[in-house]
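Enquirer: please work out how this folds:
(2 chains)
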Amino acid sequence: MADKDLQVEEKKEVQASGESTKNVPVFIPAVDIYESENSLTLLADMPGVPLGNVDIDLNADQLTIRGSVPQRPENSGKILFQEYCVGDYYRQFTLSNEIDREKIQASMKDGVLKLVLPKAEAAKPRKIAVTAS
Amino acid sequence: MAIIRYPNWLWPGYSSALDDFEKARRHMDRLFSAFTGSGAAPASSGVFPPLIVTEEGDTVIVEAEIPGIGAQDLDISVIGRTLTLSGQRKPDETSDVNFHRRERKWGSFRKALTLPEDVNPDAIKAECRDGVLKIVLPKAESAKPRKIAIANE
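Expert: Predicted structure coming up:
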């Protein structure tokens, strides 16, 4: 299972969605979204973003995830070799109405944001018992 | 790819053709970098994890973005001037779910890096915070710059 080699995934930059005031690149985080019987779970890779710098906004059915990386000190040494760029993260999703907005949970571990979006009662699958007459 | 340049006197036309190719390649690189912007990854070795190596005074600092990999899944070793990073990223434990998107990658990795200077192996420190690994490698005494006093006669 874990024998697969992990490949380098080049970070994708967000293409002009309202310019940022900070002069840092903005990347699209890679996400996993999976659905279980009771909830929808979203995982987003945002390395370098501390918990306090994550901004999750739900406006109507638009879910916006924003994560900003603390700025590096000005004179932080001489770069000898660089394979990636440090930048902020931004991604937007459209949610269906079936989410129970009050119960959304967010947590952050090792640079991975986890959002649990519970389904509203009406959207849960319902088993209908058939009674013999 | 290594391009071997033959001396001009062997094939007079050959080497200038290679020069033209080289010029064209550089021109294309510049063109593409204009499209991809400043955030495009600089020269990458293509091996996970991507690194940033900086030099700060008497230390060499190696940073890597490894989201979702905790300290327990990571192995760092230094032999001579070679720093080796290995570990694995496990898939999330899920059962009975349907995936809508699956962009995050998982698997194992092993990367070696040759350090620019000799380092003191006993003083290496590593920390993992918010998915970013930072290894601080103090230079060995022999690699530190030394001021040599000139004696007056």
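
Enquirer: how close does the closest residue to residue B:58 other than its chain neighbours sit to residue B:147?
Expert: With sequence-adjacent residues excluded and distances taken as CB to CB, 6 or more residues apart in numbering or on different chains, residue B:58 is closest to residue B:139, at 5.1 Å. Glycine gets a C-beta too; all of them are placed from N, C-alpha and C. Computed as CB to CB, to the nearest Å, the residue B:139 to residue B:147 distance reads 16 Å.

Enquirer: and these two? Which one has more around it.
Expert: Each of residue B:139 and residue B:147 had its neighbours counted (other CB atoms under 10 Å in any protein chain shown), and the higher figure belongs to residue B:139 (20 against 4).

Enquirer: pull the number of nearby residues for residue 46.
Expert: No chain in the question, so chain A it is. Counted with other CB under 10 Å, the neighbours of residue A:46 add up to 29.

Enquirer: the chain in question should be chain B.
Expert: Applying the criterion other CB under 10 Å, we find 10 residues in the vicinity of residue B:46.

Enquirer: same thing with residue B:91?
Expert: As a burial measure, residue B:91 scores 15 neighbours (other CB under 10 Å).

Enquirer: that older thread, the residue nearest to residue B:58 against residue B:61, yeah?
Expert: No - the pair formed by residue B:139 and residue B:61 falls short of the contact definition of CB atoms under 8 Å, at 11.3 Å.

Enquirer: tell me which residues touch the residue nearest to residue B:58, please.
Expert: The neighbours of residue B:139, taking CB atoms under 8 Å, 6 or more residues apart in numbering or on different chains as the test, are B:58, B:59, B:60, B:117, B:118, B:119, B:120.

Enquirer: distance check, the residue nearest to the fifth one when sequence neighbours are not counted against residue B:27.
Expert: Spatial nearest neighbour of residue B:118, chain neighbours left out: residue B:140 (4.0 Å); criterion: CB to CB, 6+ apart. The gap separating residue B:140 from residue B:27 is 43 Å, by CB to CB.

Enquirer: these two: who's more crowded?
Expert: A count of neighbours by other CB under 10 Å puts residue B:140 above the other of residue B:140 and residue B:27, at 15 against 10.

Enquirer: run through the residues that contact the more buried one.
Expert: Residues near residue B:140 by CB under 8 Å, 6+ apart: B:117, B:118, B:119, B:120.

Enquirer: dump those residues into a markdown table; add pLDDT, neighbour count and secondary structure as well.
Expert: Output for the contacts of residue B:140, formatted as a markdown table (pLDDT from 0 to 100; neighbours: other CB atoms under 10 Å in any protein chain shown; DSSP: H, G, I helix; E, B strand; the rest coil):
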| residue | pLDDT | neighbour count | secondary structure |
| --- | --- | --- | --- |
| B:117 | 86 | 17 | coil |
| B:118 | 90 | 15 | coil |
| B:119 | 91 | 22 | strand |
| B:120 | 91 | 17 | coil |
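
Enquirer: of all those, which comes closest to residue B:73?
Expert: Sorting those by how near they are to residue B:73, with CB to CB, puts residue B:119 at the top with 23.9 Å.

Enquirer: go ahead and confirm residue A:99 touches residue A:120.
Expert: Yes - with the criterion set as CB under 8 Å, residue A:99 and residue A:120 qualify as a contacting pair; they are 6.4 Å apart.
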